[in-house]
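> Fold the following for me, if possible:
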Amino acid sequence: MKFLTPKQKTFYDDNGYVVLDLLTAEEKDELCEEYDQLFEAKKQFDLEATWQGDWSDQKEKKQEVKSIHGLQMHSAVFTRLLLHQKLLDACEDVMETPNILLHHTKAHTKPPGIGSPFPMHQDYHYFPFEKDSMVAVFISLDAADPSNGGLCVYPGSHKLGPQEDISTAPGFHYLSQDKFPIDKATPLTLERGQIVIFSYLLVHGSYDNTSDRVRRMFLIQLMSAEDIATHKIHLSECQGMVLRGRCSSRDADIKSRHKKYVSQENSVKGM
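Reported below is the predicted structural model:
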């Protein structure tokens, strides 16, 4: 183990998640300041990301959640976080591989009083992989609990494998809220700056923010370089970037170096 204690690793294996403290006070302050500046600078864009579908009975209630994806494309503060040594040590322990790739990043902000809940779901349905190596790194930039829209989980549910996706809204995925009711889930009460690493098979969601406090989070999704996506979906900026180790399977053919961008270049040229 590079960071986790044997007890923490056993807890992760049994429950599908682990809560960690690894950021300094200075790192937390820098992340929060940059996060707020970024959302302020991007407020002219459409950032609304409330979960769609027929899972909620609160359609008449005003609810909001603001989201920005690919934060490393907006600020070097988040790029540096992707390479945080202690964070990658912990992820290596959890994922049991020294070869770690970036899948994507995103941030969600739940405003006080009207912050939207997230239905119980598995991240698996957004980007399935053959070996299920994918993990989420959930960084709580605020103290969080059920009152301000905190995270909740079904411990051990990662062992059930993929569950049925019953979504009625294209682009959104969720499970039966009767089979996995949010009021039966385990709430995670987190301190400012605490981190939750969890399997993409873990059933999880979050509460609505009924408090007078904001709830800000930053999420990093990681995958093993030895794993293969079963569907080419949810493609994102910097996807496949090697954060630790190496990616031996990546194409290095010189003739293919611009292949990904050929259609874009042809469009610009009017071809």
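> Show me where this structure has its helices.
Here the chain has its helices, by DSSP state H, at 6-15, 25-41, 76-82, 85-95, 262-269.
> quick one: average confidence on the last one?
Pointing back at helix 262-269 there. Average pLDDT, helix 262-269: 60.
> so the residue nearest the centre of the chain bridges to which residues?
Among the residues of the chain, Leu219 comes closest to the average C-alpha position under Cα atoms, centre = their mean, at 3.7 Å. Judged by DSSP bridges, the bridge partners of Leu219 are Lys106, Phe138.
> quick one: pLDDT of it?
pLDDT, Leu219: 98.
> Could you look over the helices of the chain and pick the most buried one?
helix 85-95 (a mean of 20; mean count of other Cβ atoms under 10 Å). All C-beta atoms are positioned from the backbone trio N, CA, C, and that covers glycine.
> Pull the number of nearby residues for Arg216.
For Arg216, the neighbour count with other Cβ atoms under 10 Å is 21.
> Which residue is the nearest non-sequential neighbour of it?
Setting aside the residues directly before and after it, Arg216 is nearest to Leu141 in space (Cβ to Cβ, 6 or more residues apart in numbering), at 4.1 Å.
> In this structure that neighbour contacts Arg192, no?
Yes. The criterion here is Cβ atoms under 8 Å, and Leu141 meets it with Arg192 at 6.9 Å.
> anything in contact with each of these two?
Taking Cβ atoms under 8 Å, 6 or more residues apart in numbering as the contact rule, the neighbours common to Leu141 and Arg192 are Lys28.
> Of these two, which one has the most company?
Neighbour count, other Cβ under 10 Å: between Leu141 and Arg192, Leu141 has more, with 22 against 15.
> List the contacts of the more buried one.
Residues in contact with Leu141 (Cβ under 8 Å, 6+ apart) are 28, 31-32, 35, 192-193, 216-218.
> Mind putting those residues into CSV with distance to Ser75?
Below are the contacts of Leu141 laid out as CSV (distance: Cβ to Cβ, whole Å):
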residue, distance to Ser75
Lys28, 15
Leu31, 10
Cys32, 12
Tyr35, 9
Arg192, 20
Gly193, 18
Arg216, 14
Met217, 16
Phe218, 11
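> Could you single out the nearest of the residues you listed to Leu102?
Phe218 (13.4 Å; Cβ to Cβ).
> follow-up on the earlier one: of the contacts of Leu141, closest to Gln52?
Proximity of the contacts of Leu141 to Gln52 (Cβ to Cβ) peaks at Met217, which lies at 19.6 Å.
> circling back: what about the residue nearest to Arg216, distance to Val94?
21 Å (Cβ to Cβ, to the nearest Å).
> Can you identify each of the strands in the chain by residue range?
17-20, 66-69, 100-110, 118-121, 135-140, 151-153, 186-187, 195-199, 204-206, 215-224, 242-244 (DSSP state E).
> so of those, which one's packed in deepest?
Most buried of these by mean neighbour count (mean count of other Cβ under 10 Å) is strand 204-206; its value is a mean of 27.
> Show me what that one pairs with in its sheet, parallel or antiparallel.
strand 118-121 (antiparallel), strand 151-153 (antiparallel).
> In CSV: those, plus mean pLDDT and distance to Ala185.
Output for the strands paired with strand 204-206, formatted as CSV (pLDDT from 0 to 100; distance: least, Cβ to Cβ, whole Å):
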stretch, mean pLDDT, distance to Ala185
strand 118-121, 96, 7
strand 151-153, 98, 4
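> show me what contacts Leu101?
222-225, 239-243, 247.
> one more time with 6 Å, if that's ok
223, 225, 240, 242 (Cβ atoms under 6 Å, 6 or more residues apart in numbering).
> quick one: it and Ser248, what's the gap?
12 Å.
> I'd say Ile195 and Ile139 touch.
Yes. With contact defined as Cβ atoms under 6 Å, Ile195 reaches Ile139; the gap is 5.2 Å.
> burial of Pro44, as a residue count?
Actually, residue 44 is Gln. It isn't Pro. Gln44 - counted by other Cβ under 10 Å - has 6 other residues nearby.
> let's number from 39 now, not from 1
That works, and once the first residue is 39, the last one we named lands at Gln82.
> What's the separation between it and Asp250?
For Gln82, the distance to Asp250 - Cβ to Cβ - is 26 Å.
> and Cys190, what are its bridge partners?
Pro225, Gly243.
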